[in-house]
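*Asks:* Sequence first, then the predicted structure:
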Amino acid sequence: MRPEPSTSGPALCHCGEVFRLLGLLGGLSTMTDLGTSAGTDESLHRCLVATRFARALGCSETEVATVLYTSLLQHLGCTAYAHESAATWGDDVTANRYAFLTDWSDPRDLLRTFAPGMAAGAGTSRTRVLATMVRHGRRIDAEGPPATCEVARDAAGRLGLPGEVGEALHAILTRWNGKGFPRLAGDAIPRATRIMHVASTAVLFSLHAHPDTALRQVAARARTELDPELAAAFGPDLLAGLAHGDPYLQLLDAEPDPARWVGEEDVERVARTFGDLADLKSPWLHGHSAAVGDLAGKAAAALGSADQRTTRLAGYLHDVGRVAVSSAVWDKPDALTASEREALELHPYWTEKVLSRVPELATVARVAGQHHERCDGSGYHRGLPGSGLVPESRVLAAADRYRCLVEDRPHRPATDPDRAAAQLAADARAGLLDADAVAAVREAAGHETGSRRPRPAGLTERQVEVLRLVASGLSNREIGDRLVISRRTAEHHVQDVYSRIGTSTRAGAALFAMEHGLLGRSG
């Protein structure tokens, strides 16, 4: 992080060297809107209202900044439990949405809101939704919140945000009455989190229904979910003007002084973090975005005609649009239905939409949105011909294709790297991929055997192996079977790994493995 003096206006770039962190996060936060099926710019609106509220309460500018980033990134961990949620409900995105719309302190609202909403979104019956809740509710409560909160806190640290923001995000699923996670209650909950909770409820229902509904929901949830004093202090004036102006620019204007700036190297770290969060959608995808970004960047350098930095950033971010599609699609071992295929083929569109929110990433957005286009016009989402593809897009398409081939997928095992390289060459001969881009990717992939390197957190090779199996979603029993050891011994290994890396959930372990490049996938 490089501190810079405050500047007037919403400028994102400063002297071509450093960038507004809020500008980057403000645009990329719309990825979490996709993962929670939120309305357009809900994260930005929530952040604006929470910031107004904090100032109305007389918070210091330091506290306002904590509220701003906490509210903007409230759903940063929305992908942490996506794989498990999709397996349980059939659609993790819908489950996220109706979980926030439901007042869990009122059993009637389960029947009134969650059951019908979840049934409609997942294409099932209300009876089945309720039966699933009875059968799996205890497990969901035990696993989902810890994973979500842990990933949100750890990702905030990777983004370079202050520890106060991380701790406030770790408490996002707490309730005033102490029935949430972590087990905090009342004033023990960080004040920034309590302010965000009130603003979040108000914005959620203001956009979903009407401002009057929002105020009623805030009042109804006081003393259960919300701090009653803060709920009573929230007035209708704080919701005024949500439909007017560009919330992105308004948010930049609302940032307390001094504005936070990041250098170009930090932009790559931010991009990689959001790519890793997108990859949490499925164990089959862990580490994919980082691997594509690294490979594409090297290939761009080898090619010469493509900008290395743009290509690498586009690689890290090319799949953020995946969060808009249920993990049930990414995890499916069988052939996709027509509607599932349509949803899948729209993910580059969502990627481009998210990245286009950040002016500095306009070129990156264009490249990332074209990673499934093909030179003969047979790709998606636009079906562009080769003449419409810039060199960076051609390199990214080849790098993504190669990485997809050498990684396991639910419907097939990984392809041998040499065979994957041969397949890329065949795709180039068939006119699908650019021949020069394919040659650059094949050169960058190298296929050499790397030397052993030190492992983070003092992990042994065996512990890295256990970490990979945990990250892939295997249970302790399944890990024991895979390693030919007892379930109890496997459990001991898992707990030792958790202790060493400072996590307690599968999603947290997966994020650690991705951050440190420990997935060990071939190619």
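*Replies:* Thanks, I have the structure now. Numbering: from 1, shown residues only.

*Asks:* So which elements touch the helix or strand containing residue 497?
*Replies:* Element membership for residue 497, per DSSP states H and E: helix 487-501. Using 3 or more Cβ pairs under 8 Å, 6 or more residues apart in numbering; DSSP states H and E, the elements in contact with helix 487-501 are helix 461-471, helix 476-483, helix 506-515. Heads up, the C-betas are built off the backbone N, CA and C, glycines and all.

*Asks:* Specify the angle between the shortest one and helix 461-471 in degrees.
*Replies:* In terms of direction (axes from the mean of the first three to the mean of the last three Cα atoms, to 10 degrees), helix 476-483 departs from helix 461-471 by 130 degrees.

*Asks:* quick one: helix 476-483 to helix 487-501, angle?
*Replies:* For helix 476-483 against helix 487-501, the angle by the same axes, to 10 degrees is 100 degrees.

*Asks:* quick one on the thing from earlier: just the residues contacting the helix holding residue 497, thanks.
*Replies:* Residues from elsewhere that reach helix 487-501 (Cβ atoms under 8 Å, 6 or more residues apart in numbering): 456-459, 462-463, 466-467, 470, 476-477, 479-480, 483, 485, 504, 508-509, 512.

*Asks:* rerun that using 6 Å as the cut-off
*Replies:* Helix 487-501 is contacted by residues 457, 463, 466-467, 470, 476-477, 479-480, 504, 512 when judged by Cβ atoms under 6 Å, 6 or more residues apart in numbering.

*Asks:* Could I have the buried ones of those residues as ChimeraX selection syntax?
*Replies:* A single ChimeraX command selects the buried members of the contacts of helix 487-501 (16 or more other Cβ atoms under 10 Å):
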select :463,466,467,470,476,479,480,512
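
*Asks:* which of the contacts of helix 487-501 sit farthest apart?
*Replies:* Greatest spatial distance in these: 457 and 477, 25.0 Å, computed using Cβ to Cβ.

*Asks:* what about residue 83, how many neighbours?
*Replies:* By other Cβ atoms under 10 Å, the residues close to residue 83 number 27.

*Asks:* doesn't residue 282 make contact with it?
*Replies:* Yes: contact criterion Cβ atoms under 6 Å: residue 83 and residue 282 qualify, at 5.5 Å.

*Asks:* any common contacting residues for these two?
*Replies:* The overlap between the contact sets of residue 83 and residue 282 (Cβ under 6 Å, 6+ apart) consists of residue 327.

*Asks:* In the chain, what residue spans correspond to strands?
*Replies:* Under the criterion DSSP state E, the chain contains strands at 13-14, 18-20, 261-263.

*Asks:* So which other helices or strands are in contact with the last one?
*Replies:* Read that as strand 261-263. Contact here means 3 or more Cβ pairs under 6 Å, 6 or more residues apart in numbering; DSSP states H and E; on that basis strand 261-263 packs against strand 18-20.

*Asks:* what is the rounded mean pLDDT of the strand it packs on?
*Replies:* Throughout strand 18-20, pLDDT has a mean value of 85.

*Asks:* Okay, buried residues for stretch 18-34 please.
*Replies:* Judged by neighbour count (16+ other Cβ under 10 Å), stretch 18-34 contains these buried residues: 18-34.

*Asks:* Then stretch 251-271?
*Replies:* Residues of stretch 251-271 classed as buried: 251-252, 254-256, 259-262, 266-271 (neighbour count, 16+ other Cβ under 10 Å).

*Asks:* do the same with stretch 223-234
*Replies:* Residues of stretch 223-234 classed as buried: 225-227, 230-231, 234 (neighbour count, 16+ other Cβ under 10 Å).

*Asks:* quick revisit: and the helix holding residue 497, which residues are buried?
*Replies:* Going by 16+ other Cβ under 10 Å, helix 487-501 has these buried residues: 490-491, 493-494, 497-498, 500-501.
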